[in-house]
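sequence first, predicted model second:
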Amino acid sequence: DTGVSQNPRHKITKRGQNVTFRCDPISEHNRLYWYRQTLGQGPEFLTYFQNEAQLEKSRLLSDRFSAERPKGSFSTLEIQRTEQGDSAMYLCASSWGTRTDTQYFGPGTRLTVL
Amino acid sequence: GQNIDQPTEMTATEGAIVQINCTYQTSGFNGLFWYQQHAGEAPTFLSYNVLDGLEEKGRFSSFLSRSKGYSYLLLKELQMKDSASYLCAVSLDNNDMRFGAGTRLTVKP
């Protein structure tokens, strides 16, 4: 099964540290999305890529957040100078990129900032 | 702003039928999705509606009325494994997907 994978699955860090998460989408998918989800809430859109181009960024994505997809395959999401409010599940999803298509989610990276 | 509303919690009995409603007010619309999410796991795709009407897929059906900004997910012959959160999501014109907060369904024996 070559679904969406994310690493690490869990990350505990101290406030002020930088963290980086990786997402490997389904290989044929050209669109990749990042979401953040807190307990009891639905996923909140952060950003998405069409191939290697970052086409949309949410206002939720502060300057401390940066995402890349250098070769149009895997993507990384970096959070600099983490804050306790960054504690959440970070979900990655991928899709074919048609006008209205289904997003397939990875298992997520749970971040805890102490 | 974009608003997607669904009940926070529902409880139903094994073998019964449950309907989870979703209303939305969004600046664009490219379709409505329902996802299932078990605790601690990623959302998994259940259904997609872009035209008005009912889409049936086994025990699950989804309905959409674009003029009313309304959808529902119907689950029949409930099983204990159906206990999960059900997320309503609207795809906007810019490919942004907006999710509701989810409805936590508990199925009791």
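Good, I have the coordinates.

bridged to the residue nearest to B:Pro43 when sequence neighbours are not counted, which residues?
Distance criterion Cβ to Cβ, 6 or more residues apart in numbering or on different chains; nearest residue to B:Pro43, sequence neighbours excluded, is B:Tyr35 at 3.8 Å. All C-beta spots, glycine's among them, are computed from the backbone N, C-alpha and C. B:Tyr35 has these beta-bridge partners by DSSP bridges: B:Phe45, B:Leu87.

how about B:Val107?
With DSSP bridges as the criterion, B:Val107 is bridged to B:Ala12.

got the contact list for the residue nearest the centre of chain A?
Chain A has A:Trp34 as the residue nearest its centroid, 3.2 Å off, counting by Cα atoms, centre = their mean. By Cβ atoms under 8 Å, 6 or more residues apart in numbering or on different chains, the residues touching A:Trp34 are A:Cys23, A:Leu46, A:Thr47, A:Tyr48, A:Ala67, A:Ser75, A:Leu77, A:Tyr90, A:Leu91, A:Cys92.

any idea how many residues pack against the second one?
This points to A:Leu46. 20 (other Cβ atoms under 10 Å in any protein chain shown).

pull the helix or strand with minimum mean pLDDT from chain B.
strand B:97-99 (a mean of 89; mean pLDDT, DSSP states H and E).

equivalent analysis for chain A, please.
Bottom-ranked secondary element of chain A by mean pLDDT, DSSP H and E: strand A:53-57, a mean of 84.

now for that one, which elements pack on it?
Here strand A:53-57 touches strand A:44-50, going by 3 or more Cβ pairs under 8 Å, 6 or more residues apart in numbering or on different chains; DSSP states H and E.

what about the closest residue to chain B within chain A, neighbour count?
Residue of chain A nearest chain B, by Cβ to the nearest Cβ: A:Gly42 (3.2 Å). A:Gly42 sits with 23 neighbouring residues when counted by other Cβ under 10 Å.

check contacts around it.
A:Gly42 makes contacts with B:Ile4, B:Leu87, B:Ala89, B:Phe99, B:Gly100, B:Ala101, B:Gly102, as judged by Cβ under 8 Å, 6+ apart.
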